[in-house]
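**Student:** Next come a sequence and a model predicted from it.
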Amino acid sequence: MTTDPKHLTDSEASAEARRLILEAYRPEVPAAPTYFRDTTPVPAFGTTPPVPQPDSRIVPQWAAGVAVASIGVGAGITGLGCGAWLIFQGLASVTLTGVLAVTLPFAGVGIAATAIGSALARVRRASTTNVYKGTVVQRTEVTATSRGLFSRAKAGR
């Protein structure tokens, strides 16, 4: 019940204030119990028999996916770590012969690339020289136009 505060008497106003304060500080009762008390009597001697404890929890699909993904990431990182350990163990025992054996294929590829490049350059140089006959026009005028941030210089066309 909400009433207009402009038309309350003093006793009605204090009663409304008391009601609002009690409502604001009322203890909340949880919707479901958050505890379980086993009322099974404890035997006088021997071990206690097992008591069934019902469990109705359901794991959300996203949580199961995150768990599986984290296991996969952990296994993958472990594999990468083992591989790095093996590589560093190999690098720790480096000799001159080992360095030469590792770099020899790279040097061979470099030599082959240089040989192919020089052969292609010689093939290109073997082209014929063309001689053109006719009048020659030479223009030396230069026009410059600037547009904003960029500028262009054009030879006369």
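**Tutor:** Perfect, I can see it now.

**Student:** Centre-most residue in the protein?
**Tutor:** Central residue of the chain (C-alpha atoms, centre = their mean): residue 73, 13.1 Å from the mean position.

**Student:** quick check, that one in a helix?
**Tutor:** Yes. Looking at residue 73 with DSSP: H, G, I helix; E, B strand; the rest coil, it is inside a helix.

**Student:** Got the confidence number for it?
**Tutor:** pLDDT, the model's per-residue confidence, is 93 for residue 73.

**Student:** go on, residue 155?
**Tutor:** You'll see residue 155 listed with a pLDDT of 57.

**Student:** What residues does residue 43 make contact with?
**Tutor:** residue 49 (C-beta atoms under 8 Å, 6 or more residues apart in numbering). C-beta: built from backbone N, CA, C; applies to glycine.

**Student:** Name the SS class of it, please.
**Tutor:** coil.

**Student:** same thing with residue 21?
**Tutor:** Applying three-state DSSP to residue 21 yields a three-state assignment of helix.

**Student:** Next one: it relative to residue 84, how far apart?
**Tutor:** Distance of residue 21 to residue 84, given as C-beta to C-beta, to the nearest Å: 66 Å.

**Student:** And residue 22, by the same measure?
**Tutor:** Look at residue 22 and residue 84: by C-beta to C-beta, they are 67 Å apart.

**Student:** The chain: helices as residue ranges?
**Tutor:** Along the chain, counting by DSSP state H, helices occupy 10-24, 61-92, 96-125.

**Student:** which stretch in the ones you listed has the least confidence?
**Tutor:** If you rank those by mean pLDDT, helix 96-125 sits at the bottom with a mean of 85.

**Student:** coming back round to it: looking at the helices of the chain, spot the one closest to residue 55.
**Tutor:** helix 61-92 (15.9 Å; C-beta to C-beta).

**Student:** quick one, that closest one and helix 96-125 angle?
**Tutor:** Helix 61-92 and helix 96-125 meet at an angle of 100 degrees, taking axes from the mean of the first three to the mean of the last three C-alpha atoms, to 10 degrees as the criterion.

**Student:** How far away from the center of its chain is helix 61-92?
**Tutor:** Centroid separation for helix 61-92 versus its chain: 16 Å, with C-alpha atoms, centre = their mean, to the nearest Å.

**Student:** counting contacts, what elements does it pack onto?
**Tutor:** Using 3 or more C-beta pairs under 8 Å, 6 or more residues apart in numbering; DSSP states H and E as the contact criterion, no helix or strand is in contact with helix 61-92.
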